[in-house]
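>>> Need a 3D model of the following:
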Amino acid sequence: MWGSSGAQDHPQRSLDPLLSLFVNTAHHRPTAELLVTAERAYSYGDFLAHASGIVTLLREHEVQAGHRVALYADAYDSFFIAMLGVWLAGGVAVPINTALPAVSSRSLIERSQPRLLLHDPYIAPPATDTPVAVIPTAAPRTSPPEFTPVGGGDVAMILFTSGTTGMPKGVCQRLSAITGNARRVAAALKLCTDDRLFINTPAYYTSGICHFLTMMAAGASTVGETGFFFGEALLDRLLAQRCTGFGGAPAHLIRVVDPLLTPVRT
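Numbering: from 1, shown residues only. Alright, predicted model coming up:
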């Protein structure tokens, strides 16, 4: 039953298969790369340490199972770390498009009624009545907390539509649907631990989230670099980062691949 800011009463739950795989990989292959950004590379062990810090931060702000937590972040590392931390704490992640005008993002935050808003240190979130906290840039040195993870049948994320045809609508996603899709795609593509996927769509986009989780389902890694890369420029980045694939939405793929299909005029 929903309470203030979406709190629900839950019995003790075990880890979702994908979250369990993430935690186990962090323990047994702690140095394996999970995410590479323009600034640094994160191993599975690094990511679990940072996500554990988010769990501790959420508890300090009295975030309970089922509470919604708005994510106002556009950096790949901080967004994905916060997302996993929210899930390990039993919360519901609510990504907010940081590129929206302040009045629009404020409306989404107020409509979702989060218990807390987490944001990148270099981004000032729009003013609302929601308590805010900065996503830590350093992993905690304290002992990791005990996880109270989201159950597979529980809502784990609220994604807002783009709003191009009207007011953005919030879509509730159960954890089993999100992680089950990632595991099925990873299996269908026969991804392995040596695969590296390049993405440059925002982390808070559906495609960015799905691609990251799909690679995690394979024990593989994601390379995230924001910016516009087309044609040969994209191929150069793939080669430089030793990537085995590129992820994007269909319209995005057409835009970046089309220059390679256009004859060069001489």
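>>> What ranges does the stretch 51-200 of the chain have for its helices?
For the stretch 51-200 of the chain, applying DSSP state H, counting those that start in this stretch gives helices covering 76-88, 102-112, 175-188.
>>> Now the ones you listed in TSV, please, with extra columns for mean neighbour count, mean pLDDT and distance to Gly208.
Where C-beta positions appear, they are placed from N, C-alpha and C, glycine not excepted. Shown next, in TSV, are those (neighbours: other C-beta atoms under 10 Å; pLDDT from 0 to 100; distance: least, C-beta to C-beta, whole Å):
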stretch	mean neighbour count	mean pLDDT	distance to Gly208
helix 76-88	27	98	8
helix 102-112	17	94	17
helix 175-188	17	97	12
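>>> okay if I get those as TSV plus distance to Ile209?
Shown next, in TSV, are these (distance: least, C-beta to C-beta, whole Å):
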stretch	distance to Ile209
helix 76-88	7
helix 102-112	16
helix 175-188	8
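>>> Please identify which of those is closest to Ala70.
For Ala70, the closest of these is helix 102-112, at 5.4 Å, according to C-beta to C-beta.
>>> Convert the C-alpha atoms of the closest one to PDB, please.
What follows is helix 102-112 as a C-alpha-only set of coordinates in PDB (Å, rounded to 0.1, in the frame of the first residue of the first chain):
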ATOM      1  CA  ALA A 102      13.300  24.600 -15.200                       C
ATOM      2  CA  VAL A 103       9.500  25.000 -15.200                       C
ATOM      3  CA  SER A 104       9.000  21.700 -16.900                       C
ATOM      4  CA  SER A 105      11.400  19.700 -14.700                       C
ATOM      5  CA  ARG A 106       9.900  21.300 -11.600                       C
ATOM      6  CA  SER A 107       6.500  20.100 -12.700                       C
ATOM      7  CA  LEU A 108       7.800  16.500 -13.200                       C
ATOM      8  CA  ILE A 109       9.400  16.500  -9.800                       C
ATOM      9  CA  GLU A 110       6.300  17.900  -8.000                       C
ATOM     10  CA  ARG A 111       4.000  15.400  -9.800                       C
ATOM     11  CA  SER A 112       6.200  12.400  -8.800                       C
END
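>>> Can you name the residues in contact with that helix?
68, 70, 72, 94, 96-98, 100, 117, 125-130, 158, 160, 163, 168, 170 (C-beta atoms under 8 Å, 6 or more residues apart in numbering).
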